[in-house]
Each structure stands twice: as structure tokens, then as C-alpha cells.
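Enquirer: Kindly generate the corresponding structure for this input.
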Amino acid sequence: MNLASVRIITADIKSLVKFYEHVTGVTPIQYTEDFAELKTQSATLAIGSTNTLQFFGGDEVAKAAQNHTAIIEFRVADADKDYERLAGFLQPYIVQKPTTMPWGNRSLLFRDPDGNLVNFFTPVSHEAIENSDAGKQQKFAKKVCC
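Expert: You can find the predicted model right below:
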């Protein structure tokens, strides 16, 4: 089983799509006025307007801008460089400037315009790097190769 995507439901799809395009640098695919995707190497961030809820059972299935439990996480090459690049743009949304977490990731936390919590993180400790997908791939390559 593979996680394919996470979908955010929003009342302002144009604004949210532009926000994620700006912070990620990923060009969105806008399928309709009510649905877009930002595809990354490992998963897709889908953004749907509240109009799409009719296809899932009605307006009560999900509520826009009311997430208080999930964090949308992006593994980035350098959380500090992303902070430098985005500091001005993210100023009203910053929750925490880049900080090294006890589990070894360097994390930049901010909210999107709908209030969803977003984490740009970079594994920095030896253990975090080893436990990352890239570290696991390197271990596998060594076993297979040499």
C-alpha cells in the first residue's frame, strides 16, 4: 500500500493553489476550477474547492479551514535555506523558525492561508538521515551492490 495523496478542501482554491505553488516551487496541474494537484516524487497534494464535496456525500463530509489535527509535511533539501527564501512571504504564517527537533529533523513550521499546519523538514542528525528514505535506499544499495 502506498499513500497517494492528501487533499485539502478550501473555500478559496485559487489562493491556496497559488500559496502552495509559491512555497513548494511545484507547478500545479489545474484539472478544473475546483480541483488542482501538486505532484511530488513521493505523493500528491490535492486541493479541492468546497464544491467538490457534493461528489463525496455532501457539504458535511469535510469543512474547509478547520484542520486542527494534521500536519502537511514536505521533506526539503535544506529547511534553513527554504526559510531564507520564503521568510518575507511566510511572515504572517510562521509558527516556528527552523528548529532542530529531538528526533533529528530540522523543521520550519508555518500555516497556509486556511490555517493548515505545514512542516518543511530536513533530516540532520545521523540517525534521522539513516532512517530517512534516502538513507534506507543507500543501505539497500550497499547490500545489493558491494
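
Enquirer: so where's this protein shaky on pLDDT?
Expert: Scanning the chain with the threshold set as pLDDT under 70 gives 134-146.

Enquirer: So it: which segments form each domain?
Expert: For the chain, automatic domain parsing gives the domain ranges 1-66, 67-146.

Enquirer: show me where this protein has helices.
Expert: Secondary structure of the chain by DSSP state H: the helices cover 13-24, 79-90, 126-131, 133-145.

Enquirer: highest average neighbour count across those helices?
Expert: Across the helices of the chain, the average number of neighbours (mean count of other C-beta atoms under 10 Å) peaks for helix 13-24, which reaches a mean of 18. All C-beta spots, glycine's among them, are computed from the backbone N, C-alpha and C.

Enquirer: Next, the angle helix 79-90 makes with that helix.
Expert: 150 degrees (axes from the mean of the first three to the mean of the last three C-alpha atoms, to 10 degrees).

Enquirer: Check which helices and strands helix 13-24 is in contact with.
Expert: strand 35-39, strand 44-49, helix 79-90 (3 or more C-beta pairs under 8 Å, 6 or more residues apart in numbering; DSSP states H and E).

Enquirer: Kindly recompute the last result at 7 Å.
Expert: strand 35-39, strand 44-49 (3 or more C-beta pairs under 7 Å, 6 or more residues apart in numbering; DSSP states H and E).

Enquirer: ok, and what's touching the first one?
Expert: Strand 35-39 is contacted from outside by 13, 17, 20-21, 24, 26, 28-30, 44-48, 52, using C-beta atoms under 7 Å, 6 or more residues apart in numbering.
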